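>>> Quick one: sequence plus predicted model below, questions after.
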Amino acid sequence: MTRADVDALTAAPATAEVLTPTLRRRLRSGRGRLIAAGVVFAAAVLAVVLFGQAAQQLPPLDPGSAAPSGAKALVSVLREHGVDVRTAATLDAADAASSGVDPADLTVAVYDPSGFLSTKKLVDDPRIGRKVVLIEPVDPGAQAALTAAGHEVAVVRDASALQNQHILEGSNAGHAVRLFGSTQVLVWYTPSFADAGVAAPATIADVTPPWVTPLVVLCGAVALAAALWRGRRFGPLVVEDLPVVVRASESLEGRARLYQRSDARLHALDALRMGAVGRLATRLGLGPEAGVTDVCAAVAAQLARDPAEVRRTLVDGAPADDREFLELARGVAALEASLAPGRTRPPVVDASTTRVPEPDFVTTREDRQR
């Protein structure tokens, strides 16, 4: 039988059905999971955008803002130095934060970049502490008016020196701690629309109809329910037949090419040896508990050979080149042929013409010695 005949017998039928799922079939079956993943991803992106916008809407020098333009770093340092930092967004809140505090132990820091609080209203308030720090005042006459009213006034001309991104530059931190930390209590006052006597501008939440939020929640619930309804569940594993037949000779030749390409002579020889050792143990009637040493001794006794030479052929010999590899492989084949079934006496075998049998399996020297 020629190789063409073997190929014709082992070839797969032309009309064999391909059972492996295609890309289109996989996409169709996982459509529900893709929809659910898309909904979750969109919700995550929306949450990141909303929280990011909320963080960016904090005003500059906000005591609780960790943004580059915030003042959280300065406030944290002041609190570590024992200063009681209190925040206020209206004049009434600043007065409430100052109540019950000795004026000598109180500092009021005023940062009003939008000019919501008039200088006259600040001067006329009797509850403002004796020491006042104006941060970039909008009214140039605010310092003089407060000084004339009996307050100790300090002015910070550059508010950026107090921001998180610049507080550690130069001596900004030291000057800020000395300026704001000279008393036990610091009221950080940032005026708002309430101090200007006008209504605050409408936000998106104010102009959004009340039915929008329930509608968004309902759409999300419907999308989740659709994903759970149409999504394909994971079922039990099934065995699928391959549409082709792989010949054993192809696997053998492919492994041989890999051994040859990597010069793995010892691994290839080990495959031949282990297959031969297993067959020799069976032919000699040795039990499954017999080791390689027992097989070598039994083969040497049966063939009246030198045990050291038999062990070198089946175990210890390591080929340094292709010539030694072929010699050892032919020696393994000769030992196996000498104990072929039906032989009553050891035959004389020509190792140079003996065909090397195909390996049963591959193992390493460590596995054999175990």
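Happy to help now that I have it. Numbers count the residues shown, from 1 in each chain.
>>> host element of the nearest residue to Tyr259 once chain neighbours are set aside?
The shortest distance from Tyr259 to any non-neighbouring residue, by Cβ to Cβ, 6 or more residues apart in numbering, is to Ala268 (4.3 Å). Using the backbone N, CA and C atoms, a C-beta is placed for each residue, glycine as well. Counting by DSSP states H and E, the element that carries Ala268 is helix 265-283.
>>> where's that helix relative to the chain centroid, distance-wise?
Distance of helix 265-283 from the chain centroid (Cα atoms, centre = their mean, to the nearest Å) equals 45 Å.
>>> Go through that helix and flag the buried ones.
Of the residues in helix 265-283, those buried under the neighbour-count criterion (16 or more other Cβ atoms under 10 Å) are 265-277, 280-281, 283.
>>> Which elements pack onto the next helix or strand after it?
Using DSSP H and E, the next helix or strand after helix 265-283 towards the C-terminus is helix 292-303. With contacts defined as 3 or more Cβ pairs under 8 Å, 6 or more residues apart in numbering; DSSP states H and E, helix 292-303 has these neighbours: helix 265-283, helix 307-311, helix 322-338.
>>> a markdown table please, covering those and showing distance to Val138 and mean pLDDT.
A markdown table is the format used below for these (distance: least, Cβ to Cβ, whole Å; pLDDT from 0 to 100):
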| stretch | distance to Val138 | mean pLDDT |
| --- | --- | --- |
| helix 265-283 | 84 | 88 |
| helix 307-311 | 100 | 90 |
| helix 322-338 | 92 | 89 |
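>>> Redo the ones you listed as CSV? Include distance to Pro60.
Putting the helices and strands packed on helix 292-303 into CSV (distance: least, Cβ to Cβ, whole Å) gives the following:
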stretch, distance to Pro60
helix 265-283, 70
helix 307-311, 86
helix 322-338, 79
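>>> just the angle between the helix holding Ala268 and helix 322-338, please?
With axes from the mean of the first three to the mean of the last three Cα atoms, to 10 degrees as the criterion, the two stretches helix 265-283 and helix 322-338 enclose an angle of 10 degrees.
>>> oh, and call the first residue 357 from now on, that's how I've got it
Sure thing, new numbering starts at 357, so read that last one as helix 621-639.
>>> which strands and helices sit next to helix 621-639?
Counting by 3+ Cβ pairs under 8 Å, 6+ apart, the elements that helix 621-639 packs against turn out to be helix 604-617, helix 648-659, helix 678-694, helix 721-725.
>>> re earlier: Val573 is nearest to which of the helices and strands packed on helix 648-659?
With Cβ to Cβ as the criterion, Val573 lies closest to helix 621-639 of the helices and strands packed on helix 648-659, at 63.7 Å.
>>> Could you tell me the angle between that closest one and helix 604-617?
Taking the same axes, to 10 degrees, one finds helix 621-639 and helix 604-617 inclined to each other by 140 degrees.
>>> Also compute the angle for helix 621-639 relative to helix 648-659, please.
If you take the same axes, to 10 degrees, helix 621-639 sits at 60 degrees to helix 648-659.
>>> can the helices and strands packed on helix 621-639 go into JSON lines with extra columns for mean neighbour count and distance to Asp468?
Conversion of these to JSON lines gives the following (neighbours: other Cβ atoms under 10 Å; distance: least, Cβ to Cβ, whole Å):
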{"stretch": "helix 604-617", "mean neighbour count": "12", "distance to Asp468": "78"}
{"stretch": "helix 648-659", "mean neighbour count": "18", "distance to Asp468": "92"}
{"stretch": "helix 678-694", "mean neighbour count": "19", "distance to Asp468": "90"}
{"stretch": "helix 721-725", "mean neighbour count": "12", "distance to Asp468": "81"}
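>>> Of all those, which one is nearest Leu593?
So among those, helix 604-617 is nearest, using Cβ to Cβ, at 24.5 Å.
>>> on that earlier part again, can you tell me how far the residue nearest to Tyr615 is from Ala399?
Distance of Ala624 to Ala399, given as Cβ to Cβ, to the nearest Å: 57 Å.
>>> Please apply the same query to Ala689.
From Ala689 across to Ala399, the span is 69 Å (Cβ to Cβ).
>>> Can you list the low-confidence ranges for the stretch 357-506 of the chain?
Along the stretch 357-506 of the chain, segments meeting pLDDT under 70 span 357-388, 403-413.
>>> Which stretches in it count as helices?
Taking DSSP state H, counting those that start in this stretch, the helices of the stretch 357-506 of the chain run over residues 359-366, 379-385, 387-412, 428-436, 447-454, 475-480, 498-504.
>>> name the helices or strands packed onto the fourth one?
Identification of packing neighbours for helix 428-436 by 3+ Cβ pairs under 8 Å, 6+ apart yields strand 440-444, helix 528-536.
>>> So for Glu645, which of those sits nearest?
Judged by Cβ to Cβ, the one of these that comes nearest to Glu645 is helix 528-536, at 79.2 Å.
>>> for the closest one, what is the average pLDDT?
When pLDDT is averaged along helix 528-536, the result is 89.
>>> what about Ser516, neighbour count?
A count of neighbours around Ser516, defined by other Cβ atoms under 10 Å, yields 16.
>>> That one contacts His522, doesn't it?
Yes - with contact taken as Cβ atoms under 8 Å, Ser516 and His522 are classed as touching, separated by 5.5 Å.
>>> follow-up on the earlier one: could you export the helices and strands packed on helix 428-436 as a markdown table, including distance to Leu434 and mean neighbour count?
As requested, those are arranged in a markdown table below (distance: least, Cβ to Cβ, whole Å; neighbours: other Cβ atoms under 10 Å):
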| stretch | distance to Leu434 | mean neighbour count |
| --- | --- | --- |
| strand 440-444 | 5 | 18 |
| helix 528-536 | 6 | 16 |
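>>> can I get the ones you listed in JSON lines with distance to Leu670?
What follows is the helices and strands packed on helix 428-436, written out as JSON lines (distance: least, Cβ to Cβ, whole Å):
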{"stretch": "strand 440-444", "distance to Leu670": "85"}
{"stretch": "helix 528-536", "distance to Leu670": "80"}
